[in-house]
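Visitor: Okay, sequence plus prediction incoming.
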Amino acid sequence: MTKVKVEKLGEKEMQERGIKSWPIWEKEVSTFDWYYDETEQCYFLEGKVIVETDEGSIEIGKGDFVTFSQGLKCVWKILEPVRKHYRFI
């Protein structure tokens, strides 16, 4: 099973999921290790990130809807400052 899923959502689907009401997380350019003890869904409003996992590297940016699976260990390399809506499920 892929531990990181990147999708493009239409406006209708974003409204149905209530994404614009989710909290916003912001982070400056940096590199850090991360572990997901819960599944996270997020929608990138700004920024550019490379997430390195044991499955390879994934580039994520503005307009991407991403699901990070519970149990994922990764390294975040933030190349451009990030703003994203997020929720844990």
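Guide: It's in.

Visitor: what about the residue of the chain most remote from its centre, which SS state?
Guide: Distance from the C-alpha centroid of the chain, by Cα atoms, centre = their mean, peaks at residue 12 (19.8 Å). Following DSSP: H, G, I helix; E, B strand; the rest coil, we place residue 12 in the helix state.

Visitor: how near is it to residue 26?
Guide: The gap separating residue 12 from residue 26 is 27 Å, by Cβ to Cβ, to the nearest Å. Where C-beta positions appear, they are placed from N, C-alpha and C, glycine not excepted.

Visitor: same deal with residue 9?
Guide: Residue 9 sits 21 Å away from residue 26, going by Cβ to Cβ.

Visitor: So these two - more neighbours on which side?
Guide: A count of neighbours by other Cβ atoms under 10 Å puts residue 9 above the other of residue 9 and residue 26, at 15 against 11.

Visitor: State the phi and psi torsions of residue 39.
Guide: For residue 39, the backbone dihedrals (degrees, to the nearest 10) come out as phi -70, psi 130.

Visitor: Then residue 17?
Guide: phi -80, psi -10.

Visitor: List the contacts of it.
Guide: residue 9 (Cβ atoms under 8 Å, 6 or more residues apart in numbering).

Visitor: Please apply the same query to residue 76.
Guide: Residue 76 sits next to 30-34, 49-51 when contact means Cβ under 8 Å, 6+ apart.

Visitor: Alright, calling it a day.
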